[in-house]
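Asks: have a look; sequence and predicted model below, questions after that.
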Amino acid sequence: MLELFRKSKVLKENLATKRSKLKRSFLSNKENQWILKDRYLLESFKSFFDRLNEKQVTRLLKERPIAFIKAQGKYACALSAQKDFHIIMIFPEIEKMLKSPLPEEGLAILAHEVGHIFYQHSYRDIDPLEAQIEADSFACDMGLTLPLESFLQKYEHTIEGKVRISRVTCRHFNENH
């Protein structure tokens, strides 16, 4: 029993070490320095990294770094790396969400965009709706199912919105039963 406890502790420390390495990589990226200038934004990003599970952290450490770039548009957009790093464009709406006292919806959107990189959607021949569903699953794996579902409610009038909401809702139901 004591040996099992020790192994569990080593695994937890290992995950904490990996998360720390990923955070350091993120914070040292010159493209992400703008995030350090706002303590609320920085706390949201730290929370984001703390939510990543072992599989997510391990895979992201193997990927090229992610640069989060401020841009104009609606919410966020992921672009896979061609050379040095992947890019996630952060638009004013998501930045505002991430700075708010309850940033979970913003974190869910951010997780969704990182999911596109995680699942390498730019490199695969995948149906666009299936790519959205897969990216949603990344956010759900981070424990962001409810905030993602809440965000998707804004798009319940579209076919894509209905399909994604139903998938996320089913996932939430299965997680809790």
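Replies: Nice, thanks for sending it over.

Asks: nearest residue to the residue most central in space within the chain other than its sequence neighbours?
Replies: With distances taken as CA atoms, centre = their mean, residue 111 lies nearest the centre of the chain, 1.8 Å away. If you skip the residues right next to it in sequence, residue 111 has residue 139 as its closest partner in space, 3.7 Å away by CB to CB, 6 or more residues apart in numbering. Quick note: C-beta positions are derived from backbone N, CA and C, even for glycine.

Asks: residue contacts, the one you found?
Replies: For residue 139, the contact set (CB atoms under 8 Å, 6 or more residues apart in numbering) comprises 108, 109, 111, 112, 115, 145, 148.

Asks: contacts only, for residue 35.
Replies: For residue 35, the contact set (CB under 8 Å, 6+ apart) comprises 41, 42, 45, 68.

Asks: among those residues, name the ones in strands.
Replies: Counting by DSSP state E, the part of the contacts of residue 35 found in strands is residue 68.

Asks: which two among the contacts of residue 35 are spaced furthest apart?
Replies: 42 and 68 (11.5 Å; CB to CB).

Asks: the two - which one has more neighbours?
Replies: Using other CB atoms under 10 Å as the criterion, residue 42 and residue 68 rank with residue 68 on top: 24 against 16.

Asks: that one contacts residue 32, doesn't it?
Replies: Yes: the criterion here is CB atoms under 8 Å, and residue 68 meets it with residue 32 at 5.5 Å.
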